[in-house]
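[1] From the sequence below, what's the structure:
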Amino acid sequence: MKLPPGPKTPFWLLGIQFESNPFGYLDAISQRYGDIVTLMSGATPIVYISNPLGIKEIFTNTKEILARGELNEDFAFITGNQGILQLDGLIHKNRRKLLMQAFHGVRMQACGKGICELTEKMMNKQVIGKPFVAYPVIEDITFQVGIERVIGLYAGERYDKIKHLFASLLKLDRQSLIIKIINQIFLNKDLGQWSPQGYLLRLRQELFELLLTEVEERRQQPNLSSTDILSDLLLARDETGEALSNKEVRDLLISPIFAAADASGTAISWALYWIHSLKNVREKLLQELDSLGQNPDPMSIVALPYLSAVCNEILRIYPTQLFAFPRLVESSVEIMGYELHPGTILIANIYSTHQREDLYPNSKIFKPERFLEKQFSPYEFLPFGGGSRVCIGANFALFEMKLILATILANYELELTSKRPERPKFAGLICSPASGVKMVMRSRRQQETGEMESKESAKKTIPA
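    Now for the predicted structure:
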């Protein structure tokens, strides 16, 4: 079997090289080997594809190529054995449908005002003139939104504990690959709470127990008016007509919260970096936002064309998810002139697809206008993956991203504290800004505008 070309470097060493400079590494690989590349993990070929026609084959050929849950088993420790990533076939399809209800339509729109208010509340805590790191602030917002949408918790001791545990697990997941390898070799044993593995196990156990307790209590005292995912799952029936078990419900809650907090928080942080690095982009956005007047309706914000283009360009140039979830070749299939045999793993390379010069001329330049000039297919622009494993909360992520960004830009005058380019840091599935985007608030923009309007109004009412 002749596989597509690729480096002969050991897989573990490639991982370290990739982590040290993820975007630079992927650019170099694409430049040398093209848009279909093979990496060997032991005896298993892993083929990465950044050609839209090849990606279409991966996402649409569900006969020879399957998106098996077993390929995502590395995530089961965090997301649970019955999480959405681990499921297959009709069960996976059924659970996806249940989870998506809270992230679409009227329910999604209903929480728009709350997202804007929460963003103002968190941003008002920042001290004018004092530098702060944007990512933790944004992550705090997206975690709160995620927990509210998924579990229906808004405050209280349990809410605080769950939020803290999710954030702590996420922090551990972001450890560098080198640290993870060292931990696996030397310390991958539970030696008590002070050992890395012991600490991780206890965090996981505590989170799973808290979530299970919440599920059990809500099962005993259901609230039929609730519109969160937990309420949907408690009332749901599986493909056989049976109610879901409490543990299955618990596991299904975890991935949506991580996705809502981590991916959205990262994308918004990158957006703050790019928008405040490019004066013309920021000015165009402010002009568009100001055209809506004071306290605009959230749905009017979401519909703004330039804001939408900016968000898409953020997700294109530095996608938070660099690769789609893997697929497995079940029976021989030809892709891009290569016959791939059973056992081959296929992965759509999102980042390198978004860097194709034939699709995105001057791809390293941040240019939102490209999304106003052309509509891209789901195999050319795929920030949330595709096919049966496309992100459940994709629409909600964009909705949330636009509202948080619009609220910050309309109300606060921010600056980056450094003109040095922000470096990407890869950990887990996400590629986040290495420094977290360091900023300083110069003023509260809306306040100043309001004061100026009040003064002008007062002048007009004073008799000459």
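[2] mind listing the strands in the stretch 251-400 of the chain by residue range?
    In the stretch 251-400 of the chain, the strands defined using DSSP state E, counting those that start in this stretch lie at 327-329, 333-335, 338-340, 345-348.
[3] Using CSV, lay out those together with distance to residue 26 and mean neighbour count.
    For the C-beta atoms, the positions are set from N, CA and C on the backbone; glycine is no exception. Below are the strands of the stretch 251-400 of the chain laid out as CSV (distance: least, C-beta to C-beta, whole Å; neighbours: other C-beta atoms under 10 Å):
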stretch, distance to residue 26, mean neighbour count
strand 327-329, 19, 21
strand 333-335, 20, 18
strand 338-340, 20, 18
strand 345-348, 12, 23
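[4] In three-state terms, label residue 74 for me.
    Put simply, residue 74 is helix when judged by DSSP: H, G, I helix; E, B strand; the rest coil.
[5] again with residue 37
    strand.
[6] Switch the strands of the stretch 251-400 of the chain over to TSV; also include mean pLDDT and distance to residue 30.
    Compiled in TSV, the strands of the stretch 251-400 of the chain are given as follows (pLDDT from 0 to 100; distance: least, C-beta to C-beta, whole Å):
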stretch	mean pLDDT	distance to residue 30
strand 327-329	97	20
strand 333-335	95	17
strand 338-340	95	17
strand 345-348	97	13
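[7] Between those strands, which one is closest to residue 201.
    strand 345-348 (28.7 Å; C-beta to C-beta).
[8] ok, that closest one: who's next to it in the sheet?
    Strand 345-348 pairs in its sheet with strand 44-49 (parallel), strand 327-329 (antiparallel), by DSSP bridges.
[9] The ones you listed: which one's closest to residue 357?
    Across the strands paired with strand 345-348, closest to residue 357 is strand 44-49 (C-beta to C-beta), at 17.0 Å.
[10] Identify each buried residue in the closest one, please.
    45, 46, 47, 48, 49 (16 or more other C-beta atoms under 10 Å).
[11] Same check on stretch 134-151?
    134-135, 137-151.
[12] Same check on stretch 382-391?
    382, 383, 384, 385, 386, 387, 388, 389, 391.
[13] show me the contacts for the third one.
    Taking C-beta atoms under 8 Å, 6 or more residues apart in numbering as the definition of contact, the neighbours of residue 384 are 321, 390, 391, 394, 397.
[14] Going by residue numbers, what spans are helices in the stretch 301-450 of the chain?
    305-317, 350-354, 370-373, 394-411, 445-461 (DSSP state H, counting those that start in this stretch).
[15] closest one to residue 157 among the ones you listed?
    Nearest to residue 157, of these and by C-beta to C-beta, is helix 394-411 at 25.8 Å.
[16] can you give me the offset of that closest one from its chain's centre?
    13 Å (C-alpha atoms, centre = their mean, to the nearest Å).
[17] what does stretch 237-250 give?
    27 Å.
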